[in-house]
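Participant: How does the following fold in three dimensions:
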Amino acid sequence: MPHDLSAFAVDPPVEIDHPAQPAAPLVFSSPHSGSVYPSGFVAASRLDPLMLRRSEDAFVDELYAEAAPAGVPLLKARFPRAFVDPNREPYELDPGMFSDALPAWVNRSSPRVGAGLGTIARVVANGAEIYRGKLDFAAAESWIETLYRPYHNALTALVDDTAARFGRVLLIDCHSMPAVGGPLDRDPGKRRVDFVLGDAHEVSCAPAVTDWADSYLRSLGYSVARNDPFAGGFITRHYGQPASGRHALQIEVNRRLYMDEERIVRSANFPRLAADLARFVRQAAATAPTLLQ
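Facilitator: Next up, the predicted model:
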């Protein structure tokens, strides 16, 4: 299982909101807001569609919709994180999920794999098992090559093009988090702040970038933490190379600020947060050239 790989396709796998004219050394990405669930994936899962969405950063791409009007691109995955997670290495896979042996080069022992949250996840965010049966490695390989690779090809191109145009670049990787730490998290049962900024403990971007984002979000009235419980995933750490003029900052926003987490629908507070993040995007675009000097 599975055999009909066409039932697992998402075409196109990504969307990019391009600015009419690039205006700043800034790129936004939303790797976990994809909401196109292939019929084959839904059929192969033991979970209902609402449960599958527990891992989704629902509506995050909408929260940052001001990016292109502000003169910077926004990359969005269309496929869901519960299916293929672009915020992992290309092949972080749990051998227990597969009916055949995995190639020796597959990373099968990372902490993410151990938690069931590899490139092909074993569980959703609350720990519920996703699949009814074992997978074939050929199927997983197909999903990674047709979904994961296009996301990173597009992100690499945006980062490279922006760096070439402006001499430097800041990638802001946009995520959302449950209001309370889940069973697989570092903070189970703990209520979370409004925003968590992840810079891999001052490794993925210049400290001035994190300082500015922290200060600006606080000026809007929000509570902010750094690197706890999220310090940045693969995207932040892979693309954040400050010594080469390439900076990356992960931003986690608390879902209670804008949505009903149980029903996965926008709440009455959504417009307010979207307006505040539109201000954040515009100010980031205006400030990035100075921050990255």
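
Participant: Check what pLDDT residue 1 gets.
Facilitator: On pLDDT, residue 1 comes in at 63.

Participant: Run through the residues that contact residue 286.
Facilitator: residue 24 (Cβ atoms under 8 Å, 6 or more residues apart in numbering). C-beta here means a position set from N, CA and C on the backbone, and glycine is covered the same way.

Participant: Which secondary structure element is home to it?
Facilitator: Counting by DSSP states H and E, the element that carries residue 286 is helix 270-291.

Participant: Looks to me like residue 89 is in a helix.
Facilitator: No. Checked against DSSP: H, G, I helix; E, B strand; the rest coil, residue 89 lies outside a helix; its state is coil.

Participant: What's the separation between it and residue 67?
Facilitator: For residue 89, the distance to residue 67 under the criterion Cβ to Cβ, to the nearest Å works out to 26 Å.

Participant: Which of the two has more residues huddled nearby?
Facilitator: Just comparing residue 89 and residue 67: by other Cβ atoms under 10 Å the higher neighbour count belongs to residue 67, 29 against 17.

Participant: separation between that one and residue 174?
Facilitator: With Cβ to Cβ as the criterion, residue 67 and residue 174 are 9 Å apart.

Participant: what residues are shared contacts of those two?
Facilitator: Common contacts of residue 67 and residue 174, defined by Cβ under 8 Å, 6+ apart, comprise residue 28.

Participant: List the contacts of the residue nearest the centre of the chain.
Facilitator: Nearest residue to the geometric centre of the chain (Cα atoms, centre = their mean): residue 31, 3.5 Å. The contact partners of residue 31, by Cβ under 8 Å, 6+ apart, come to 77, 81, 85-87, 151, 173, 175, 235.

Participant: at 6 Å what do you get?
Facilitator: 77, 86-87 (Cβ atoms under 6 Å, 6 or more residues apart in numbering).

Participant: Model confidence for it, exactly?
Facilitator: pLDDT, the model's per-residue confidence, is 98 for residue 31.
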